[in-house]
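Undergrad: take a look and give me a structure for this.
(chains A and B)
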2 protein chains.
Amino acid sequence: MDEIALARVRIVLVEPAGALNVGSIARAMKNMGLRKLVLVNPYCDPLEEDARKMAVHARDILEEAVIVETLAEAIAPCERAIATTARSRSLPTALEHPSEALPWLLEAPAALIFGPEDRGLSNEELNYARRFVRIPSSDAYPSLNLAQAVAICCYELFQSSLNEPRDLSERLISPPVSLGPSAPLELIEGYYRQLEAVLLKIGYLYPHTAKSRMEKFRRLFNRSGLSADEVAMLRGILSQVEWAVSARDTLEPESFEF
Amino acid sequence: MDEIALARVRIVLVEPAGALNVGSIARAMKNMGLRKLVLVNPYCDPLEEDARKMAVHARDILEEAVIVETLAEAIAPCERAIATTARSRSLPTALEHPSEALPWLLEAPAALIFGPEDRGLSNEELNYARRFVRIPSSDAYPSLNLAQAVAICCYELFQSSLNEPRDLSERLISPPVSLGPSAPLELIEGYYRQLEAVLLKIGYLYPHTAKSRMEKFRRLFNRSGLSADEVAMLRGILSQVEWAVSARDTLEPESFEF
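TA: Numbering: from 1, shown residues only, chains lettered A, B, ... in the order given. Got it, this is the predicted structure:
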């Protein structure tokens, strides 16, 4: 078992509402060798009685849980992120089986993201991830309890971390979509921010359409998995465009006179 | 998926004490295509509020749950039984991985037996089974919550019931990098040509470095597999940049005077 790789995977819960769920999740994480729990804008207190009761001997994970306000913050230090979802239609990319995608998280600082109990992850939230996992389930009742979904994913992560033939063969048969080391997500977020600012400046984006259009860019670039060099290259172009546009802008007041 | 085989597997809980657990188990069962829940001498009522709350849309499974007094009764109609346990020492036979042993339950009327939350199955109870499953877990906290353990086993059963070998079927249904139809290569080439022209114009590329730099862009975009819409979007940006730069160029002669 690769304990270090497992402990490096953070479980990110977006707006969890149930303290029982959060407690159960802490237990399932510790059962499967995971340690790092990050709550984005939670609607319950991870230290309340219900959570502690379900965590049993995993209260340390609740006590060390980190609370942040945005998903971007939650995954900032990570190089890889997978989002879980039940939907398939609205996504432009394939949904993968947990056993197929999750081993990819063990090779770099990584996040596994789960949505709120009632609605799952929004399209905007899904776009923070590069791969998407769906737990196969029965058509009769496809929607899993949040804590059960986390437990199953932690179980799959733990299995992958064991040096068993099963794990090995799977990794050989279906190499991750990956492509060399990705840029840290924080770097990529910086690129998206600069891209949005430049596109607004040159009049390609308008404030009211920026959000949906930016989602399309995120999807495109997330699919390709940017390296740090590539992010630097793309930002170099943006800086050059900014320079070009600024050069024009500084002239504009003068040009008014003609 | 072999629905009949799955529905024929009964989940047997020996002396469960937690109504929340029993409710969660009903939900996990229905999520994974199982239907038959048998409680041996339970210390809680499967129809009480906590159980119904956790079952959500699986209350039918709680309502149809069978209560019996002995484990022998619970498995009487079955041809095969597997018991789950965390212990290994006291058993005369090997503990198997869920993915290894559970498929065996799909070939005949069968039972999967779980012990009480606090003590697990006794030696006497274990002896009703022919095979034994242990869910691998971390030494730091090996003991799983009962409902999580059932959920993981139901998940493994469901995976086994999917007809084709896991890897193969999935790659056919949802290839990892898949992304819908790509744009015709001609369209993409048009984008590359425009990109190169614009980057030369804004001074990001120089004629003698253009070729190697453009190869890097090609690799990046080829990896992501551009759709026709995305090509149109990227070209829209380039056109906007061209417009911005041209606006500057037309002003340049004037600016010389200052």
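Undergrad: where does chain A dip in pLDDT?
TA: Scanning chain A for pLDDT under 70 picks out A:1, A:88-92, A:163-180, A:248-258.
Undergrad: so what are the structural domains in chain A, by residue number?
TA: A:3-173, A:185-255 (automatic domain parsing).
Undergrad: want to throw those domains into TSV with mean neighbour count and distance to chain B?
TA: (Each C-beta comes from the backbone N, C-alpha and C, glycine too.) Shown next, in TSV, are those (neighbours: other Cβ atoms under 10 Å in any protein chain shown; distance: least, Cβ to the nearest Cβ, whole Å):
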stretch	mean neighbour count	distance to chain B
domain A:3-173	20	4
domain A:185-255	17	3
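Undergrad: elements contacting the strand or helix carrying residue A:244?
TA: Assignment of secondary structure by DSSP states H and E places residue A:244 within helix A:228-255. Based on contacts counted as 3 or more Cβ pairs under 8 Å, 6 or more residues apart in numbering or on different chains; DSSP states H and E, the elements that helix A:228-255 packs against are helix A:185-201, helix B:210-224, helix B:228-255.
Undergrad: recalculate using a threshold of 10 Å.
TA: Contact here means 3 or more Cβ pairs under 10 Å, 6 or more residues apart in numbering or on different chains; DSSP states H and E; on that basis helix A:228-255 packs against helix A:185-201, helix A:210-224, helix B:185-201, helix B:210-224, helix B:228-255.
Undergrad: could I get these as JSON lines with distance to residue A:122?
TA: Converted to JSON lines, these look like this (distance: least, Cβ to Cβ, whole Å):
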{"stretch": "helix A:185-201", "distance to residue A:122": "17"}
{"stretch": "helix A:210-224", "distance to residue A:122": "10"}
{"stretch": "helix B:185-201", "distance to residue A:122": "30"}
{"stretch": "helix B:210-224", "distance to residue A:122": "22"}
{"stretch": "helix B:228-255", "distance to residue A:122": "21"}
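Undergrad: of all the ones you listed, which lies closest to residue A:94?
TA: Closest of the helices and strands packed on helix A:228-255 to residue A:94 is helix A:210-224, at 10.1 Å (criterion: Cβ to Cβ).
Undergrad: using CSV, list the CA coordinates for the closest one.
TA: Extracted as CSV, the C-alpha positions of helix A:210-224 are listed here (Å, rounded to 0.1, in the frame of the first residue of the first chain):
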residue,chain,number,x,y,z
ALA,A,210,-18.4,36.0,-19.6
LYS,A,211,-19.3,33.2,-17.3
SER,A,212,-20.8,30.8,-19.7
ARG,A,213,-18.2,31.5,-22.3
MET,A,214,-15.4,31.0,-19.8
GLU,A,215,-16.8,27.6,-18.9
LYS,A,216,-16.3,26.5,-22.5
PHE,A,217,-12.7,27.6,-22.4
ARG,A,218,-12.2,25.7,-19.2
ARG,A,219,-13.5,22.6,-20.6
LEU,A,220,-11.4,22.8,-23.7
PHE,A,221,-8.2,23.4,-21.8
ASN,A,222,-9.0,21.0,-19.0
ARG,A,223,-9.4,18.2,-21.5
SER,A,224,-6.0,18.8,-22.9
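Undergrad: which residues touch residue A:114?
TA: Remark: with contacts taken as Cβ atoms under 10 Å, 6 or more residues apart in numbering or on different chains, residue A:114 is in contact with A:11-14, A:16, A:21, A:25, A:83-85, A:120-121, A:133, A:146-147, A:149-150, A:153.
Undergrad: let me see the contact set for the nearest residue to residue A:41 once chain neighbours are set aside.
TA: Counting by Cβ to Cβ, 6 or more residues apart in numbering or on different chains, residue A:41 lies nearest to residue A:15, which is 5.2 Å off, once chain neighbours are set aside. For residue A:15, the contact set (Cβ under 10 Å, 6+ apart) comprises A:39-44, A:71, A:115-119, A:121, A:125.
Undergrad: now do residue A:145
TA: For residue A:145, the residues meeting the contact criterion (Cβ under 10 Å, 6+ apart) are A:18, A:20-21, A:24, A:117, A:151, B:23-24, B:27-28, B:31, B:54-56, B:58, B:147, B:151.
Undergrad: okay, and which of those residues map to strands?
TA: Counted as lying in strands by DSSP state E, out of these, is not a single one.
Undergrad: narrow the residues you listed to those in helices?
TA: When helices are assigned by DSSP state H, the members of the contacts of residue A:145 inside them are A:20-21, A:24, A:151, B:23-24, B:27-28, B:31, B:54-55, B:147, B:151.
Undergrad: tell me the secondary structure for residue A:10?
TA: Using DSSP: H, G, I helix; E, B strand; the rest coil as the criterion, the local structure at residue A:10 reads strand.
Undergrad: hmm, I was thinking of residue A:38
TA: Using three-state DSSP as the criterion, the local structure at residue A:38 reads strand.
Undergrad: doesn't residue A:69 make contact with it?
TA: No: look at residue A:38 against residue A:69 with Cβ atoms under 10 Å: they stay out of range, at 11.3 Å.
Undergrad: the stretch 1-150 of chain A: helices as residue ranges?
TA: For the stretch 1-150 of chain A, the helices defined by DSSP state H, counting those that start in this stretch occupy A:3-7, A:19-31, A:49-55, A:59-63, A:71-75, A:98-101, A:123-126, A:146-161.
Undergrad: quick one: terminal-to-terminal distance for stretch A:98-112?
TA: Using Cα to Cα, to the nearest Å, the end-to-end distance of stretch A:98-112 comes to 11 Å.
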